[in-house]
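>>> heads up, no residue letters with this:
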């Protein structure tokens, strides 16, 4: 009569909000590391101001682009990565007041730090 396992999250509003804050904190942390490495001493608040832009773009495109079947998963992942990178570079340029010649390498470095940190966390906790 009752299932043995219940889906407690259900993908409701609480799950969306928690996912947003976790991903935004991850992006802010990795961006701050990349910015300190690339620029030098910077305020950590700037990374927190940038992080919502790539977070919103990546979560929306994953949910409504790839998962909904609008595009194939291979193309959808590429579109999501490119759009997230562009949103990240624009936000970095605006918040850190950098020219494109400096914002793009910082965005590349941010993606590298995020990828390395994501792979390491996946290896430790086995999320995937």
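Structure's in. What do you need? Computed from a predicted model, the values in this text were never measured in an experiment.

>>> measure residue 16 to residue 44 for me?
Separation of residue 16 from residue 44 (Cβ to Cβ, to the nearest Å): 25 Å. (Each C-beta comes from the backbone N, C-alpha and C, glycine too.)

>>> any idea how far the spatially most central residue of the chain lies from residue 22?
Centroid-nearest residue in the chain: residue 55, 4.5 Å away (criterion: Cα atoms, centre = their mean). Applying Cβ to Cβ, the value for residue 55 to residue 22 is 9 Å.

>>> again, but for residue 31
From residue 31 to residue 22 the distance is 15 Å (Cβ to Cβ).

>>> quick revisit: surely the residue nearest to the centre of the chain touches residue 25?
No: assessed by Cβ atoms under 8 Å, residue 55 is found out of contact with residue 25, at 9.2 Å.

>>> contacts only, for residue 90.
53, 103 (Cβ atoms under 8 Å, 6 or more residues apart in numbering).

>>> swap in residue 52?
residue 24 are the contacts of residue 52 under Cβ under 8 Å, 6+ apart.

>>> pLDDT score for it?
Per-residue pLDDT puts residue 52 at 95.

>>> now swap in the one 10 residues further on and tell me
We note a pLDDT of 79 for residue 62 in this prediction.

>>> could you find the closest non-adjacent residue to it?
Of all residues not flanking residue 62 in the chain, residue 80 sits nearest, at 5.9 Å (Cβ to Cβ, 6 or more residues apart in numbering).
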